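Asks: using only what follows, build the 3D model:
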Amino acid sequence: LIESMNNTPVLSLMKKAATLSNKSRRARISLHITIVLFVIFCFVIVCSQFLGNATQISGNPTTLSLLTYQNLEPAIEPWDLSEEAGQPPPDEVGITLEDSKETPPAEELFLPGSLNQTRAQVMRQCYVHPHTYSRHFNNGLCARLDSSHLMYFHVPKSGSSTSRHLMVDVLGAKDTQSCSPKLGHVWNQAIKVSVVRDPMDRFFAGYDEMFARRLSSREGVPEHLREPLYSGLTDYKSYEARFLTPDVNARFDNFVQLWDGLDAFDDHLRLQSATLAHRSSGIGYSMDFIGDTNDMTNSWQKIGRLIGRNVESSSVLNGRSFPRRFNLTAVSTSIRQRICTFLAIDYCCLNFKLPEACEHAKVPVGQKIFCRLKKQPSNEDSIDSLFRIDSVLF
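Replies: Here you go, the predicted structure:
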């Protein structure tokens, strides 16, 4: 009876079904095991990368910035860099940031002096932080020639004496401190011009001027700077007797090391870019032309052409001249590098190339100057792009 039951077709089918069911179950188990092993493998890879980065970052407080800099360095080809990086572009050449057909990223880094644009074009995109640099903004000292809608902004130690002579004595303008958007249509219609100077050269000249002017009274000089600067000096003659000596250079070094670069207690220490920017917003003025003290004659002839006037080269004076009071060749590389950090925003906003001492290969981590293109508030008086330029250290 049992043998006859085992041979029935129904039972035979049931056995085959059970066999197939066992095979299917084993296949499903194998598939689940494979999936689990794959997930574990991926998890191990991700964790190892995360732990590796965490180890790098935890090693040094500045490593995060350094890693960012290292990642960017091999591929820094910003959308608006000149092929001849660092050379001051001619005034007739250059594209404005807002005219570029490419859309810049939310933040882009580039080297000072590398934009293929005029100084005026770059300055229009500048952002000088109104709180950080609050002591650097001035009261809009300028000369106005309203009949020609010309407005010249004086920048101390940047050919200002020559420029004042040309504006007032040659062109017939008036010196004033009322150059601001409060002028309404006069401001909006004005052709805004200025002349600037290599930031490092200007810093040396500005320090010289500040030191001599405040020697007798010490007025306005911060308390912590008075003794390091003026100890042992009673009057200008006692100072003059030490010109170009190590003593005078030591005083200059003391100033650079003790000053924070922000408390511009003297007009000659103010940043040039802050002089050409709105005090309230920090946005650069809508400049039409910015000349260079290294080429005053050509700069002023171009200014003359803007208003249909001819400025004779014989009218361009050399300005006031003073003997150099300290030895520039004795200024150390480290002192020059610290000065560059004070002037970073000028190098970026006025498109000046960094001096040799401040080139990245020679500067320690934390003092490498980059210019940064990033989104900022819109301008008060122009329709320029919302992308603004400031400076950053890596």
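
Asks: which residues touch the particular helix or strand that has M200 in it?
Replies: Assigned by DSSP states H and E, M200 belongs to helix 199-213. With contacts defined as Cβ atoms under 8 Å, 6 or more residues apart in numbering, helix 199-213 is touched by 156-158, 196-197, 229, 236, 239, 251-252, 255, 266, 268-269, 272, 322, 324-326, 328, 336, 339-340, 342-343, 346-347, 350, 352, 355. For glycine as for every other residue, the C-beta is placed from the backbone atoms N, C-alpha and C.

Asks: tell me where the stretch 151-300 of the chain has strands.
Replies: Taking DSSP state E, counting those that start in this stretch as the test, the strands found in the stretch 151-300 of the chain are 174-176, 191-196, 289-292.

Asks: which strands and helices lie in contact with the longest one?
Replies: Packing partners of strand 191-196 (3 or more Cβ pairs under 8 Å, 6 or more residues apart in numbering; DSSP states H and E): strand 150-153, strand 289-292, helix 296-306.

Asks: just to revisit the earlier point, just the buried residues from the contacts of helix 199-213, in ChimeraX please.
Replies: Those of the contacts of helix 199-213 that count as buried under 16 or more other Cβ atoms under 10 Å are selected in ChimeraX with:
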select :156,157,158,196,197,229,239,251,252,255,266,268,269,272,325,326,336,339,340,342,343,346,347,350,352,355
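
Asks: which of the contacts of helix 199-213 fall in helices?
Replies: Among those, the members found in helices (DSSP state H) are 229, 236, 239, 251-252, 255, 272, 336, 339-340, 342, 346-347.

Asks: okay if I get those residues as a markdown table plus pLDDT?
Replies: Formatted as a markdown table, the ones in helices among the contacts of helix 199-213 follow (pLDDT from 0 to 100):
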| residue | pLDDT |
| --- | --- |
| L229 | 94 |
| Y236 | 89 |
| Y239 | 89 |
| R251 | 94 |
| F252 | 96 |
| F255 | 97 |
| Q272 | 96 |
| R336 | 96 |
| I339 | 96 |
| C340 | 96 |
| F342 | 96 |
| D346 | 97 |
| Y347 | 97 |
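
Asks: from those residues, which two are the most distant?
Replies: Y236 and Y347 (32.8 Å; Cβ to Cβ).

Asks: which of the helices and strands packed on strand 191-196 is buried the deepest?
Replies: strand 150-153 (a mean of 26; mean count of other Cβ atoms under 10 Å).

Asks: parallel or antiparallel, list what pairs with that one.
Replies: Strand 150-153 has the following sheet partners, assigned by DSSP bridges: strand 142-145 (antiparallel), strand 191-196 (parallel).

Asks: of all those strands, which one is nearest A173?
Replies: Closest among these, once you apply Cβ to Cβ, is strand 142-145, at 3.9 Å.

Asks: in the closest one, which residues are buried?
Replies: 142-145.

Asks: what about G366, is that helix, strand or coil?
Replies: coil (DSSP: H, G, I helix; E, B strand; the rest coil).

Asks: and the helix holding M200 with strand 191-196, angle?
Replies: Counting by axes from the mean of the first three to the mean of the last three Cα atoms, to 10 degrees, helix 199-213 lies at 80 degrees to strand 191-196.

Asks: isn't L215 up against D235?
Replies: Yes. L215 is within contact range of D235, at 7.3 Å (criterion: Cβ atoms under 8 Å).

Asks: quickly note the distance from the spatially closest residue to F265 that is not a sequence neighbour to L141.
Replies: Leaving aside its chain neighbours, F265 sits nearest to G220 (4.7 Å; criterion: Cβ to Cβ, 6 or more residues apart in numbering). Note on G220: its distance to L141, by Cβ to Cβ, to the nearest Å, is 17 Å.

Asks: repeat that for Y239.
Replies: Distance from Y239 to L141, by Cβ to Cβ: 27 Å.

Asks: what do you get for K157?
Replies: Taking Cβ to Cβ, one finds K157 at 13 Å from L141.

Asks: equivalent analysis for R338, please.
Replies: In terms of Cβ to Cβ, R338 sits 28 Å off from L141.

Asks: equivalent analysis for L393, please.
Replies: 30 Å.

Asks: contacting residues for R135?
Replies: 262-265, 270.
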